[in-house]
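Undergrad: Got a predicted structure here, sequence first:
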Amino acid sequence: RLLCSPKNVFINLLSGLITHYDHFEVSSSVIDWLNGRYFLVAFGFHRLLRLKWIYSKQIYTMNEECIIRKLVADGDGAGDDRRFATLASLIMKLIKDPENARSYLPRIAQLLDAAKTSMHKQALIATTNEYQINKYKQMAHQIDSEIVRAHERMQLAKKELEAAKAVRRNKEEYEALAKVIQQYPSRQETNMKLEAVKKELEEQHERQRRLEAKVIPFVFGNFFIEIYYNL
């Protein structure tokens, strides 16, 4: 697209003109040569004429400062449109006055060099932009991959957090249960107390049997004595 633009066609045409004038004298054959290729020159005027038509349509809606900015600079601010307008006027002078053609050649060569430099700059800018775009795409892909990995790490961390919460909750329940258990005596102490109570019960039973053994004969003896006296 860059090499087939009207600007580049016009530059190549003017380069041919300079080469032609450097090797041949200006004569009627030069005029015929120009006339035979005038359609290519018209191709180069297309952009200038289009800009003039746009300016004529917008002249009543734009202020003076905006008009001046549009006339002296293009979108890049390098003045390519003004440069091509100057080239067009020099070509017209060269066609109308071929005898003084050599006087226009230095100015045309200077403008051509500037145009070629601008074209080379645009090509470098396009290459740089393409490189930067590819680099940014790679960075975007890398960032997307990092986001995916970060999301996976977040999911894993959430699972670990839930597991840690469950462990902590169980630990708190165990500690609370241990505090409740510590309020009661141990099994060994309970068994010792139970044995002591059993021993004490046995002693009480033995004491009760002894008392009964002493009391029963006395009661029966008194009973028989009362019966004897009553008879």
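TA: Done, it's in. Numbers count the residues shown, from 1 in each chain.

Undergrad: Stretch 135-149 - what's its average pLDDT?
TA: The pLDDT scores in stretch 135-149 average 94.

Undergrad: cool, stretch 161-180 as well?
TA: 91.

Undergrad: nearest residue to Lys93 other than its sequence neighbours?
TA: Leaving aside its sequence neighbours, Lys93 sits nearest to Tyr104 (CB to CB, 6 or more residues apart in numbering; 6.2 Å). C-beta: built from backbone N, CA, C; applies to glycine.

Undergrad: okay, the one you found: pLDDT?
TA: 74.

Undergrad: Count the neighbours of it for me.
TA: 18 (other CB atoms under 10 Å).

Undergrad: Just the element for it, please.
TA: helix 101-182 (DSSP states H and E).

Undergrad: re the thing from before, you'd agree the residue nearest to Lys93 is up against Leu90?
TA: Yes: using CB atoms under 8 Å, Tyr104 is in contact with Leu90, at 5.2 Å.

Undergrad: Show me how this protein divides into domains.
TA: Using automatic domain parsing, the domain parsing of the chain gives 6-116, 188-230.

Undergrad: weakest of the ones you listed by average pLDDT?
TA: For those, where the average pLDDT is lowest is domain 6-116, sitting at a mean of 58.

Undergrad: that older thread, who does the helix holding Tyr104 touch, helix- and strand-wise?
TA: helix 6-23, helix 80-96 (3 or more CB pairs under 8 Å, 6 or more residues apart in numbering; DSSP states H and E).

Undergrad: Next, the angle helix 101-182 makes with the last one.
TA: Angle, helix 80-96 to helix 101-182, by axes from the mean of the first three to the mean of the last three CA atoms, to 10 degrees: 160 degrees.
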